[in-house]
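J.: model this:
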Amino acid sequence: MRQSNTRAMVETGFLTAIIVVLTIIGSNVPMLGFLATIVGPATLAVVGVRWGSKYSCSAAVGTFFLLSFIYGPLMALLETVTFSLMGICIGEGYRAQWNGVKKILIPASAFVVAAILVFFISYVVMNVDYMSLYTQFETEFNTSLRETYSQQDMDAAQQLAIQQQVESSLTFMKYAFATMVFFSASVITFMTSKLAAIILRRVGMPVEELPPCGKWQMPKWAPFLLAIGIILNYWANVKGIEIAMWIGPNLVLAGAVLCAIQGVACVWSIFESYRVGKSWRTIVLAVLLLMFPQTIVVLGIIDSIFDLRRHFSERSNQTKY
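T.: Just a heads-up that it's a prediction; the model follows:
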């Protein structure tokens, strides 16, 4: 028992040093920011799976103290809070064998809570005015947009139409900011969880990973959520209902993302049933998501209602025999 505790402490200290190095690199090199956002939490999750949440929390505390000598207590707190809660939750999820939904939602929620804490500390202690920063960004963006239009010899009507479309998109993003943050946190959690599972498998501790892409199943009410959001968004634009302006865009974005995930899983499963290689599946999905994202959303809606994957799988099995 004493030997195991010693090994756990030594390994935790070693991985804590790795987390500190990754955080420093990710904070100072913009192109390597993923080291602090994804690799750091994954390392913390590995500690949690191997030795328990007590040691992963100890690694987070140790990271804070080590970063304090470099950045100072305040910046060290901001850096540590950003990734530590998510990494600890991911490790606990693998260790406690949570289902796939909990493995994503709980760490993502922890990441959102950490982001709110960071914003609050920055606002109170460092006097960072995020509203002024957003207003400044919006003004500079519109100015650069007008300059671009003027250089392309567009007439006034075309410039006005494009500018109205951009302003509408920015307004939508402002109202749907909460949903955007949560889904961004979910994507980061997914990538971190996959990386942690790969590391654990390499060190001889395979864990129950997240379901494969073809098995993803979104809630059946996702299309109805999208429909309600579209209706509320229409009322908000036509009737000027204030509460609909805040609820509608969030429901539209949430429903669209859920249906898009369902569509991605449907395409992946259909290609898998016909034994299409993973590289080709990835290429086709990337092209569809970049060029025709609405097609993926519509396909997800159809799959949610009619279960296309089951029909294609049955047809593929009949073809084999």
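
J.: Phi and psi next, for the closest residue to residue 213 other than its chain neighbours.
T.: Excluding its sequence neighbours, the residue lying closest to residue 213 (CB to CB, 6 or more residues apart in numbering) is residue 268, at 4.4 Å. Placement of C-beta: from N, CA and C, glycine included. The phi and psi values for residue 268, taken as degrees, to the nearest 10, are phi -60, psi -40.

J.: who's in contact with residue 268?
T.: 213-214, 281, 285 (CB atoms under 8 Å, 6 or more residues apart in numbering).

J.: Look up how far residue 51 lies from it.
T.: 35 Å (CB to CB, to the nearest Å).

J.: and if you look at residue 136?
T.: For residue 136 relative to residue 51 (CB to CB), the value is 46 Å.

J.: and residue 11, what does it touch?
T.: Per CB under 8 Å, 6+ apart, neighbours of residue 11: 47, 50-51.

J.: try it again with 10 Å
T.: 46-47, 50-51, 55, 59 (CB atoms under 10 Å, 6 or more residues apart in numbering).

J.: quick one: which of those is nearest residue 100?
T.: Of all the contacts of residue 11, residue 46 has the smallest distance to residue 100: 19.3 Å, by CB to CB.

J.: Low-confidence stretches in the stretch 101-250 of the chain?
T.: Along the stretch 101-250 of the chain, the model assigns pLDDT under 70 to residues 145-146, 149-156, 159.

J.: Mind jotting down where the strands sit in it?
T.: Read by DSSP state E, counting those that start in this stretch, the stretch 101-250 of the chain holds no strands at all.

J.: How many residues are close by residue 110?
T.: Neighbours of residue 110 under the rule other CB atoms under 10 Å: 20.

J.: Can you show me the helices along the protein?
T.: Secondary structure of the chain by DSSP state H: the helices cover 2-28, 34, 40-51, 53-71, 73-96, 100-125, 130-151, 156-175, 177-202, 222-239, 242-273, 278-291, 293-306, 308-320.

J.: Pick the most buried one from those.
T.: The highest average neighbour count among these, using mean count of other CB atoms under 10 Å, belongs to helix 40-51 at a mean of 26.

J.: which strands and helices sit next to it?
T.: With contacts taken as 3 or more CB pairs under 10 Å, 6 or more residues apart in numbering; DSSP states H and E, helix 40-51 sits against helix 2-28, helix 53-71, helix 73-96, helix 100-125, helix 177-202.

J.: hmm, back to that, adding pLDDT and distance to residue 257, write the contacts of residue 11 out as CSV.
T.: Shown next, in CSV, are the contacts of residue 11 (pLDDT from 0 to 100; distance: CB to CB, whole Å):
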residue, pLDDT, distance to residue 257
46, 91, 29
47, 91, 31
50, 89, 33
51, 88, 35
55, 90, 35
59, 90, 32
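
J.: out of these, which one sits closest to residue 168?
T.: Once CB to CB is applied, the member of the contacts of residue 11 that ends up nearest residue 168 is residue 46, at 44.4 Å.

J.: how close does that closest one get to residue 65?
T.: Distance from residue 46 to residue 65, by CB to CB: 20 Å.

J.: next one: residue 118
T.: Note on residue 118: its distance to residue 65, by CB to CB, is 18 Å.

J.: Tell me who's in contact with residue 205.
T.: Counted by CB under 10 Å, 6+ apart, residue 205 has contacts 46, 49-50, 94, 197, 199.

J.: Among those, which pair sits farthest apart?
T.: Distance extremes for the contacts of residue 205: the farthest pair is 50 and 197 at 13.0 Å, using CB to CB.

J.: how near is the spatially most central residue of the chain to residue 180?
T.: The geometric centre of the chain, computed from its C-alpha atoms, lies nearest to residue 187 (CA atoms, centre = their mean), at 2.3 Å. In this view, residue 187 and residue 180 are 11 Å apart by CB to CB.

J.: what do the two both touch?
T.: Residues touching both residue 187 and residue 180 by CB under 10 Å, 6+ apart: residue 257.

J.: pretty sure residue 96 is touching residue 102, no?
T.: Yes. Residue 96 is within contact range of residue 102, at 9.0 Å (criterion: CB atoms under 10 Å).

J.: residues in contact with the nearest residue to residue 301 once chain neighbours are set aside?
T.: Spatially, and ignoring its direct neighbours in sequence, residue 301 is nearest to residue 223 (4.5 Å; CB to CB, 6+ apart). The neighbours of residue 223, taking CB under 10 Å, 6+ apart as the test, are 255-256, 258-259, 262, 297-298, 300-305.
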